[in-house]
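> what's the 3D shape of this:
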Amino acid sequence: MTSLNSIIADFNSFFDDNPWFGDSYLDVISDISAEDALVTPPNGHSIAVILWHMVKWRKTLTERLLGNTDFRADVTDADNWPSAESQTPATWEAAKSAFAEQQTILIEHLGIREESFLDTEFMPGRNYRRLVAGVLQHDIYHLGQIAFLKGLIRKSGTWKK
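Now for the predicted structure:
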């Protein structure tokens, strides 16, 4: 198996299969209600806000895969960590849809690339191999946070509005 095929398999496993680290994205997300997704713990971010953050940083890869190599994300972008007040049941559904759409783009557009694509620089000193690995690591990290918050919210109910 090539590195590129392995990466595609890892993204698929993360999304809806049997990843090495536990539950897949869909396993974790599928039963989170909008009410629970909008709960904001003290000094933290809601599940919905974390998912939008994940969408933002996945976009750094999907935009480049779609040909927009000039796309830049910044930690100060308003859509990086949107405000809790801007979140609604509709934005929760939109975040889930955006993430699923990005999954489709990732798999489709990585699947048409050659192995050498991974070592192509999109900026001086930055190649796609590093970006792809970083996005997947970022997704895994934040999915763990979401799973943790989901458990706390359901167990305690303390933070519910």
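
> Which helix or strand contains Phe122?
Counting by DSSP states H and E, the element that carries Phe122 is strand 121-123.

> Just give the strands next to the next helix-or-strand element following that strand in its sheet, each with its orientation.
The element immediately downstream of strand 121-123 (helix or strand, assigned by DSSP H and E) is strand 126-127. Using DSSP bridges, the strands paired with strand 126-127 in its sheet are strand 121-123 (antiparallel).

> Residues in contact with the partner strand: which ones?
64, 69, 127-128, 131 (C-beta atoms under 8 Å, 6 or more residues apart in numbering). In this view, the C-beta of every residue, glycine as well, is placed from N, C-alpha and C.

> Make CSV out of these and add pLDDT.
Below are these laid out as CSV (pLDDT from 0 to 100):
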residue, pLDDT
Arg64, 93
Thr69, 85
Asn127, 94
Tyr128, 95
Leu131, 95
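
> Same list (these) but as JSON lines, adding distance to Leu26 and neighbour count.
Listed next are those as JSON lines, based on distance: C-beta to C-beta, whole Å; neighbours: other C-beta atoms under 10 Å:
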{"residue": "Arg64", "distance to Leu26": "25", "neighbour count": "18"}
{"residue": "Thr69", "distance to Leu26": "30", "neighbour count": "11"}
{"residue": "Asn127", "distance to Leu26": "29", "neighbour count": "14"}
{"residue": "Tyr128", "distance to Leu26": "25", "neighbour count": "21"}
{"residue": "Leu131", "distance to Leu26": "24", "neighbour count": "17"}
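
> so which two of the residues you listed are the farthest from each other?
Thr69 and Asn127 (12.5 Å; C-beta to C-beta).

> surely Ile92 meets Glu35?
For the record, residue 92 is Trp, not Ile. No. At 9.3 Å, Trp92 and Glu35 do not qualify as touching, with contact defined as C-beta atoms under 8 Å.
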